[in-house]
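Chemist: no sequence on this one, just coordinates:
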C-alpha cells in the first residue's frame, strides 16, 4: 500500500490542482503515472449545468468511439426465429429467448450489455427489476432495441459507450485504455465531448459545461480546460 501511495503522491505532485490543462497535456500526465499492474481505463467526468430530476434535462445517449474502448464487452441477445443465428454470427456471447429470460429471472447477469428485438420487449418487462438497477435494460434510444440485432451486437462489441446524467449533473464516460496512443484517446475524447455538447437541453440555463476531468481507474483527476473543450463543437 505504501508503494502505491508513494506513486500516487508523486503523480499528484506533478499536477497543479488549480490549473485547467489542455487535453493533450492532461493526457500526457495521465499516461506518465503508473499505479496499477493492469491496463487502466481512462475516464472523463463532465459536470453539467443540468438538473437530471427534470426529464427534459436528462442527458442520455450512446456513441461508437472511433478508436473503440479496448474492453471485451460481453453481449447478451434476447430474440427469436432467424435472428438467433444472425446474433450468433455477429459475435454475441449469449443468445436466446424464453430460456435466457428465465435464467435472468433467476438472478443471472453475467454480461455487460443486452440487445433485444422489439418482439421480445413485452417479455422483458417481468425481469425489469433485475436488469434496471444494473443498467442492462435494452432501450431504443441507445440502439439496443432493434430489429437489426446483428448490427447492434457489432456496435456494442466494437466500442459503443453509453452515457447518462447522474446526480448533480455528472456524466462519466470511458474513452479507452491507458495503453492506447495519444491519438486514439484524443479521437475518442473529441467524439464524446462533441456528443455531450450537442446534447445540451434547451431548458438548461447558465454555464452548461461547468467542469471536465480526466483520470485513470487508480489515478488522480486532472482538470481540463473547458473553454478549449467547448471549441471542439
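Modeler: Arrived safely, thanks for sending. Remember, predicted model here, so these are calculated numbers, not experimental data.

Chemist: quick one: stretch 81-93 to chain centroid distance?
Modeler: Centre-to-centre, stretch 81-93 and its host chain are 24 Å apart (C-alpha atoms, centre = their mean, to the nearest Å).

Chemist: Determine how far the last residue of it lies from the first.
Modeler: Stretch 81-93 has an end-to-end distance of 17 Å (C-alpha to C-alpha, to the nearest Å).

Chemist: isn't residue 76 right up against residue 111?
Modeler: Yes. Here residue 76 reaches residue 111: they are 4.0 Å apart, a contact under C-beta atoms under 8 Å. For every residue, glycine as well, the C-beta is placed using N, CA and C.

Chemist: Check which element follows the host helix or strand of residue 9 along the chain.
Modeler: Using DSSP states H and E, residue 9 sits within helix 2-14. Moving toward the C-terminus from helix 2-14, the first helix or strand encountered (DSSP H and E) is helix 23-32.

Chemist: got the contact list for that next one?
Modeler: 11, 14-15, 21, 42, 178, 182, 185-186, 189, 214-216, 219, 222-225, 228-229 (C-beta atoms under 8 Å, 6 or more residues apart in numbering).

Chemist: And for stretch 83-98?
Modeler: Outside of stretch 83-98, the residues that reach it under the criterion C-beta under 8 Å, 6+ apart are 74-80, 100, 103, 111, 115, 117, 120, 123, 147, 149-151, 153-154, 157.

Chemist: out of everything not next to it in sequence, what's closest to residue 201?
Modeler: residue 57 (4.9 Å; C-beta to C-beta, 6 or more residues apart in numbering).

Chemist: Look up how far residue 172 lies from that neighbour.
Modeler: 17 Å (C-beta to C-beta, to the nearest Å).

Chemist: who's more crowded, the two?
Modeler: residue 57 (19 against 14; other C-beta atoms under 10 Å).

Chemist: So which bits of the longest helix along the chain are buried?
Modeler: Among the elements of the chain assigned as helix by DSSP state H, the one spanning the most residues is helix 182-198. Buried residues in helix 182-198, counting neighbours by 16 or more other C-beta atoms under 10 Å, are found at 184-193, 195-197.

Chemist: Could you list the low-confidence segments of this protein?
Modeler: Under the criterion of pLDDT under 70, the regions of the chain flagged as low confidence span 1-4, 8, 35.
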